[in-house]
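**Student:** Generate a structure from the sequence data that follows.
(2 chains)
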Number of protein chains: 2
Amino acid sequence: MTNTNREWVLAARPDGEPDLDCFELRETDVPSPNLGELLVRTRYLSVDPYMRGRMRDAESYAEPWDVGDALKGGIVGEVIESESDAYDAGDLVTGEGRWADYATLDADDVAPVDPTVADPEAYLGVLGMPGRTAYFGLLEVGEPQPGDTVVVSGAAGAVGSVVGQIAKRNGCRVVGFAGTDEKTEWLTDDLGFDAAINYKTTDDYGDALDAAAPDGVDVYFDNVGGPITDAVFTKLNLDARVAVCGQISHYNDEEVPTGPRKLPQIIAPRAKVEGLLVSDFATRFEVASERLGEWVAAGELRHRETVVDGLENASDAFLGLFAGDNIGKQVVRVAPASGEE
Amino acid sequence: MTNTNREWVLAARPDGEPDLDCFELRETDVPSPNLGELLVRTRYLSVDPYMRGRMRDAESYAEPWDVGDALKGGIVGEVIESESDAYDAGDLVTGEGRWADYATLDADDVAPVDPTVADPEAYLGVLGMPGRTAYFGLLEVGEPQPGDTVVVSGAAGAVGSVVGQIAKRNGCRVVGFAGTDEKTEWLTDDLGFDAAINYKTTDDYGDALDAAAPDGVDVYFDNVGGPITDAVFTKLNLDARVAVCGQISHYNDEEVPTGPRKLPQIIAPRAKVEGLLVSDFATRFEVASERLGEWVAAGELRHRETVVDGLENASDAFLGLFAGDNIGKQVVRVAPASGEE
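**Tutor:** Numbers count the residues shown, from 1 in each chain, chains lettered A, B, ... in the order given. Next up, the predicted model:
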């Protein structure tokens, strides 16, 4: 094993849209695991829109990164050296680690990856944080009832694609917004969405919603914000629920963005609009992971990962999230499986 | 008894801010009660901000008025003639009736007024719809916990003044926004608010909130919208609840108003923002009325009515709501008590 490691650090805080100057790939030594830790060779790492918030110098739910800090996120890796009884060398695990070739993780903070359920990269998407976000966000905040119309923005993303499929399981009519015809076709043809709207080629979102959601909107699962959300708010039914999971269209705004005021619109329908963070459901992650795993293993819950190859391209993969480059979960393949090298 | 009656009709739909041309006082005959009905001489009638919505040609929770329609709202009146066993001539009742000297009401739709609990006009405020709105809106949507900081906009109004006092009963720190020093002094000196902010003489609402609500905002009861609400949303604590009861600052807007987007602000605190209509709690009105009545009778819940004299001045009283002329509940005295004429 080489002793050379590479890891990404925050080189500069972005001003508005991040660019490659914000990132630096640094050479370091491979770390040594302490007692209770695992040395892991990263197979896949996850890039997620919420990480944009950690690049900002402002307290939020996730600790902000300082300039010079190593970037961290969900990873899937192979145990190279174990200082824990819980895992052996060769095991595949998932947890929070650095964007690096090698990382040490506390054995208590990782979960096993079972490649017979799904390919390992799925543990960063449908079987990871995004899948659990979709599960709890839709079911606990959106509270979909059979017959409800559920609208999802960012529907072809890691979270939205799972939200729509769980809503279908619950007997809902499901409408998704996405940004390419390839994505909208995936939603309707492969995932079973009732309708999908390409927001980049559609002029009037209100008209499109009237056609796709003729009975109005009972649940809106919002990953995006902006004009899509503005249009959906004018279609909310009595007792509508809005789960605000993400607002990716605003993450690069440096000023507070303005838009149509929504509070006057929620009184008549008595709509409930609620911010959502998956960590609030941490005590129940196990049940979600188990169900999602069963559905995936049975082929009932479809998933897709967009893979960028090479740790050196992680920053590009991250920036691509804001351009909508990904279908399903965006991951970076850092190393091939053992034996494939 | 005279046979001449007067009643207000909608003369024209307002364009933006309503003016006197929107209203016409029409002479009619005194109506005759049918079986099960009461003929009532109006003592007080209620003017409420939500009525602005009924003047608009758009479906909402309250049926829009057509031009030429009689205006209706909460009234307190004395039964002149009863075609029901439930009430006798001389009884005081409250219900929904026309803005008129005399009106017929279905005996099933009225409630008795007990002048030993409070002056009859209080049945249009603290003991009427506004009081129940405060009760259910705060307790069921706001869910205040002891130690919470509760902020109320329109705090010196019919609803807000009750919200703040119930929040104090629940062990909360209470901060109100109001538009005159007389109002803010009433809030802090008479009603027990911990702090009150005169939004007309305060430059920076954010700074004012930092001083008045140093631990942030757990519950926001919003009657107003606009810049006050914009400032409060930047101070929401983890798990904050926002009860959107009214948005009086926007009721006269003809275009959809714009302002800072709030959805990006509610994710980190996982805030819940919910539209509120008191009619959703109709099955439990009795318990609210009973408790509010007990608190008022015991002198524990203070209330105030701003009285305009004369049915002919009802339109002025309504317009005054948007200028903030009222402290507490705005009512119109249509007739003095019998014996006082």
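**Student:** Do you have the helices of the stretch 1-150 of chain A handy? List them.
**Tutor:** With DSSP state H, counting those that start in this stretch, the ranges of helices along the stretch 1-150 of chain A come out as A:51-54, A:129-136.
**Student:** For the residue of the stretch 101-250 of chain A found nearest chain B, which non-adjacent residue is spatially closest?
**Tutor:** Closest residue of the stretch 101-250 of chain A to chain B, CB to the nearest CB: A:Gln247 (4.5 Å). Using the backbone N, CA and C atoms, a C-beta is placed for each residue, glycine as well. Leaving aside its chain neighbours, A:Gln247 sits nearest to A:Gly225 (3.6 Å; criterion: CB to CB, 6 or more residues apart in numbering or on different chains).
**Student:** Now that we're looking at the one you found, what pLDDT does it have?
**Tutor:** Listed pLDDT for A:Gly225 reads 97.
**Student:** hmm, back to that, compare the helices of the stretch 1-150 of chain A and say which comes out lowest on pLDDT.
**Tutor:** Ranked by mean pLDDT, the helices of the stretch 1-150 of chain A bottom out at helix A:51-54, with a mean of 92.
**Student:** Which of the helices of the stretch 1-150 of chain A has the highest mean neighbour count?
**Tutor:** For the helices of the stretch 1-150 of chain A, the largest average neighbour count (mean count of other CB atoms under 10 Å in any protein chain shown) is found in helix A:129-136, namely a mean of 26.
**Student:** quick one: it near chain B?
**Tutor:** No - Helix A:129-136 does not reach chain B (CB under 8 Å from any CB of the partner chain); its nearest approach is 11.6 Å.
**Student:** Run through who's touching the helix or strand of chain A with the lowest mean pLDDT.
**Tutor:** One helix or strand of chain A scores below all others by mean pLDDT, DSSP states H and E: helix A:51-54, with a mean of 92. Under the criterion CB atoms under 8 Å, 6 or more residues apart in numbering or on different chains, residues A:14, A:18, A:60, A:62-65, A:71, A:73, A:251-252, A:318, A:322 lie in contact with helix A:51-54.
**Student:** Ok, stretch A:227-243 next?
**Tutor:** By CB under 8 Å, 6+ apart, stretch A:227-243 touches A:137-138, A:141-143, A:149, A:151, A:153, A:177, A:199, A:205-206, A:208-210, A:213, A:215-222, A:249, A:259-260, A:262, A:265-266, A:269-274, A:276, B:263.
**Student:** PyMOL command for the buried members of the residues you listed?
**Tutor:** What follows is the PyMOL syntax selecting those of the contacts of stretch A:227-243 that are buried according to 16 or more other CB atoms under 10 Å in any protein chain shown:
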select buried, (chain A and resi 137+138+141+142+149+151+153+177+199+205+208+209+213+216+217+218+219+220+221+222+249+259+260+262+265+266+269+270+271+272+273+274+276) or (chain B and resi 263)
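**Student:** Just the ones of the contacts of stretch A:227-243 in strands?
**Tutor:** Here DSSP state E is the test, and those give A:149, A:151, A:177, A:217-222, A:259-260, A:272-274 as lying in strands.
**Student:** Looking at the helices of the stretch 1-150 of chain A, which is nearest to B:Gly90?
**Tutor:** Closest approach to B:Gly90 among these (CB to CB): helix A:129-136, 60.0 Å.
**Student:** can you give me the angle that closest one makes with strand A:217-222?
**Tutor:** Calculated by axes from the mean of the first three to the mean of the last three CA atoms, to 10 degrees, helix A:129-136 forms an angle of 160 degrees with strand A:217-222.
**Student:** Domain-wise, how is chain A divided?
**Tutor:** Per the record, chain A has its domains at A:4-125+A:304-333, A:129-279, by automatic domain parsing.
**Student:** Out of those, which is the most enclosed?
**Tutor:** The most buried one of the domains of chain A (mean count of other CB under 10 Å) is domain A:129-279, showing a mean of 21.
**Student:** Identify all contacting residues around stretch A:251-263.
**Tutor:** Contacts of stretch A:251-263 (CB under 8 Å, 6+ apart): A:14-18, A:49, A:52-53, A:226-227, A:230, A:233, A:250, A:273, A:322, B:222, B:225, B:229, B:244, B:247, B:250, B:256-264, B:273.
**Student:** gap between the two ends of it?
**Tutor:** Length of stretch A:251-263, first residue to last, CA to CA, to the nearest Å: 21 Å.
**Student:** and if you look at stretch A:294-301?
**Tutor:** First-to-last distance for stretch A:294-301 - CA to CA - comes to 9 Å.
**Student:** what does stretch A:65-81 give?
**Tutor:** 28 Å.
**Student:** That stretch near chain B anywhere?
**Tutor:** No - using CB under 8 Å from any CB, stretch A:65-81 never reaches chain B; the gap is at least 16.0 Å.
**Student:** pLDDT of that stretch, averaged?
**Tutor:** Averaging the model's pLDDT scores along stretch A:65-81 yields 96.
**Student:** how far does it sit from the chain's center?
**Tutor:** Taking CA atoms, centre = their mean, to the nearest Å, one finds the center of stretch A:65-81 at 17 Å from the center of the full chain.
**Student:** Around chain B, which positions in the stretch 101-250 of chain A sit nearby?
**Tutor:** Residues of the stretch 101-250 of chain A found near chain B (CB under 8 Å from any CB) are A:Asp222, A:Gly225, A:Thr229, A:Val244, A:Cys245, A:Gly246, A:Gln247, A:His250.
**Student:** pretty sure A:Leu138 is touching A:Ala167, no?
**Tutor:** Yes - here A:Leu138 reaches A:Ala167: they are 6.2 Å apart, a contact under CB atoms under 8 Å.
**Student:** Find residues that contact each of these two.
**Tutor:** A:Pro144, A:Val150, A:Val219.
**Student:** mind pulling up the phi and psi values for A:Val110?
**Tutor:** Torsion angles at A:Val110 (phi, psi; degrees, to the nearest 10) stand at phi -110, psi 160.
**Student:** Now do the contacts for it.
**Tutor:** A:Val110 is in contact with A:Leu38, A:Tyr87, A:Val93, A:Thr94, A:Gly95, counting by CB under 8 Å, 6+ apart.
**Student:** quick revisit: make CSV from the domains of chain A and add distance to B:Thr306 to it.
**Tutor:** Formatted as CSV, those follow (distance: least, CB to CB, whole Å):
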stretch, distance to B:Thr306
domain A:4-125+A:304-333, 44
domain A:129-279, 24
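**Student:** between those, which gets nearest to B:Glu121?
**Tutor:** Once the domains of chain A are compared by CB to CB, domain A:129-279 is nearest, at 26.3 Å.
**Student:** measure that closest one end to end?
**Tutor:** End-to-end distance (CA to CA), domain A:129-279: 9 Å.
**Student:** Identify the farthest-apart pair in the residues of the stretch 101-250 of chain A next to chain B.
**Tutor:** It's A:Cys245 and A:His250 that sit farthest apart of those, by CB to CB, at 13.1 Å.
**Student:** Looking at A:Gly171 now. What's its pLDDT?
**Tutor:** Reported pLDDT for A:Gly171: 97.
**Student:** quick one, what contacts it?
**Tutor:** Per CB under 8 Å, 6+ apart, neighbours of A:Gly171: A:Gln145, A:Pro146, A:Gly147.
**Student:** Take the residues you listed and keep only those in strands.
**Tutor:** Per DSSP E, the subset of the contacts of A:Gly171 in strands is empty.
**Student:** For these, give me CSV that also has distance to A:Asp280 and pLDDT.
**Tutor:** CSV is the format used below for the contacts of A:Gly171 (distance: CB to CB, whole Å; pLDDT from 0 to 100):
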residue, distance to A:Asp280, pLDDT
A:Gln145, 22, 98
A:Pro146, 26, 97
A:Gly147, 28, 97
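**Student:** For the residue nearest the centre of chain A, which residues are in contact?
**Tutor:** Nearest to the geometric centre of chain A sits A:Pro130, at 4.1 Å (CA atoms, centre = their mean). By CB under 8 Å, 6+ apart, the contact set of A:Pro130 is A:Asp48, A:Leu124, A:Gly157, A:Ala158, A:Val159, A:Val162, A:Lys329.
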